[in-house]
Structures are given as structure tokens and as C-alpha cells.
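Asker: sequence first, then the predicted structure, then my questions.
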Amino acid sequence: MDALILAAGRGTRMKGINIPKCLLEMNGVSLIDYQINCFKQLGINRIFVVTGFNSDLIHSHLNNQVIFLHNDDFATSNNITSVWSARESLSDDFICVYGDLLFNKKILENLIQNNHDICMIVEKNIRLETMKVKLVNDQIIQVNKKILESEADGNFIGMAKFSKNIIPKFFNAISNSIKIDKNSYYTSAIELLINNGQSVNYISTNNLQWMDIDEPNEFDDAKILFKQLEDEL
């Protein structure tokens, strides 16, 4: 099993911070180092990192720990093109995670154990400005930011697993989605698959802690959460 960390974005809401968000440090440990440590502790050692904004900083920080990919369109597109940049590299089951995601390692462990072709981590509590989902039984039937809060059943936290069997179909959907709008999220490709009959499973966070870091005040909260998670590693 492989890991794909999406770390190309600039993080425009992080005013005054000119480094990739994955390099933000909490208690002396960068966010991406925490993610990589979690993957390795759970037996995932082939890790791809997609860079874009200030990519040289990530390269110099990680050296040869990972396999680097580059999103040349990072400044004019969204994370769908970051996933697309990995199309010729992924051939095994893989976990895709946003580079600004801080999570309890147990969430990742639960996802690794899931055997569905596509499985997404969902929190049942709705958060504003998130990628919302609609659920039926154990399936995701919609995933996008346009779902009304009153109609949403939860939100996608930014971590998903894909089987090697679904990779050709998944990247075909990625390609089709980019033709429609390269400024979309890669979840638009998942919605295309759902609309064509593909089942997409989910696992709840079950109140295990996580957060993404989009704004400076969230970085302060992340430092507090990191201390709690670090004690559990």
C-alpha cells in the first residue's frame, strides 16, 4: 500500500505565512513529518508527496524520505491536478491525504483495514466551509461543497483509500473532471464515479480528533491537538 500526500497548495487564507502548510511545526515537529511517521508506523513506506508552492522547501526538509511529484498547475488549479500528477506512479492500493490534515492515527489505521474500492473518512458533525456528504446506509451518494447544511449528513475530512483495482477508472474520472473544470476538487471525480454506479464506502471518525489548518487561529488550535496526539504515538 502507498500513500499520496497532497501538499502543492499555497494556503491563501494563512496570512503572513510563506511556507507550505505541511511544514508548519507543532512542538518542533512539522505536520508532514507527523503524517509520514503515522504512515510508517502502520506499515506504509512508499510515500508520494505532491508539491507546488515553494516546493524547494519541502524537498530540502524531507530529503530522500519520500518520492516527490510536482503539480505544475498548482497556482491556477485545485487539488484535482495534484492527484492527476500521480497517475503514472500509483499501481497499488493507496491512501490519499491532504497535506494540511492533522489526525488521530487511529483514523488512518481504521481506513487501512477497509477493503472497499473507495472509502472516505467522514465526520458526522457538520462543519461550515467543508466538503459535505450525503449518505445512504454505508454509502456516500454525494460529496461536494454545494450540499446545503440542512441536507448534509457529514463532511469529508480529506483522507480516502483507493484500491489498485479502481485506479484506472478513478484516473479516467479525474481526466474527465479536469476537462470540465481544473479548478475543482478531486472529489468531483468521485462524484462522477458515483453517478456512473460506483459504490463509495465511508468510515466515520467516531469522534476521533482531526482538523485541517486553513487559517492562523486554527494553527493555534492545532498545536494544542498535536500535543494530545503526540502523547498517543
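Answerer: Now that the structure is in, tell me what you want to look at.

Asker: may I see the buried residues of stretch 191-211?
Answerer: Applying a neighbour-count criterion of 16 or more other C-beta atoms under 10 Å, the buried positions in stretch 191-211 are 191-194, 198, 200-203, 205, 208, 210-211. C-beta here means a position set from N, CA and C on the backbone, and glycine is covered the same way.

Asker: sec struct for the residue of the chain positioned farthest from its centre, please.
Answerer: In the chain, counting by C-alpha atoms, centre = their mean, Ser150 sits farthest out from the average C-alpha position, at 24.7 Å. On the three-state scheme (DSSP: H, G, I helix; E, B strand; the rest coil), Ser150 is labelled coil.

Asker: how much space between it and Lys132?
Answerer: Plainly put, Ser150 is 11 Å away from Lys132 if you go by C-beta to C-beta, to the nearest Å.

Asker: ranges for the helices of this structure?
Answerer: With DSSP state H applied, the chain shows helices at 31-41, 55-62, 79-84, 105-112, 167-180, 187-195, 216-232, listed in chain order.

Asker: not counting its own residues, what contacts the longest strand along the chain?
Answerer: Determined from DSSP state E, the single longest strand within the chain is strand 154-162. Residues from elsewhere that reach strand 154-162 (C-beta atoms under 8 Å, 6 or more residues apart in numbering): 93-98, 100-101, 103, 107-108, 111-112, 114, 116-127, 130-133, 135, 143, 170, 187, 190, 204-205, 210, 212.

Asker: out of those, which end up buried?
Answerer: Neighbour-count burial within those applies to 93-98, 100-101, 103, 107-108, 111-112, 114, 116-123, 126, 130-133, 135, 143, 170, 187, 190, 205, 210, 212; the criterion is 16+ other C-beta under 10 Å.

Asker: okay, and which of these map to strands?
Answerer: 94-98, 101, 103, 118-123, 131-133, 135, 143, 210, 212.

Asker: quick revisit: in CSV, list the buried residues of stretch 191-211 along with pLDDT and distance to Ala3.
Answerer: Listed next are these as CSV, based on pLDDT from 0 to 100; distance: C-beta to C-beta, whole Å:
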residue, pLDDT, distance to Ala3
Glu191, 98, 23
Leu192, 98, 24
Leu193, 99, 21
Ile194, 98, 24
Gln198, 98, 22
Val200, 99, 20
Asn201, 99, 19
Tyr202, 98, 19
Ile203, 98, 17
Thr205, 97, 19
Leu208, 95, 19
Trp210, 95, 16
Met211, 92, 19
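
Asker: tell me the one of those nearest Ile180?
Answerer: The shortest separation between Ile180 and any of the buried residues of stretch 191-211 is 8.9 Å, and it belongs to Leu192 (by C-beta to C-beta).

Asker: residues in contact with the closest one?
Answerer: By C-beta under 8 Å, 6+ apart, the contact list for Leu192 reads 173, 176-177.
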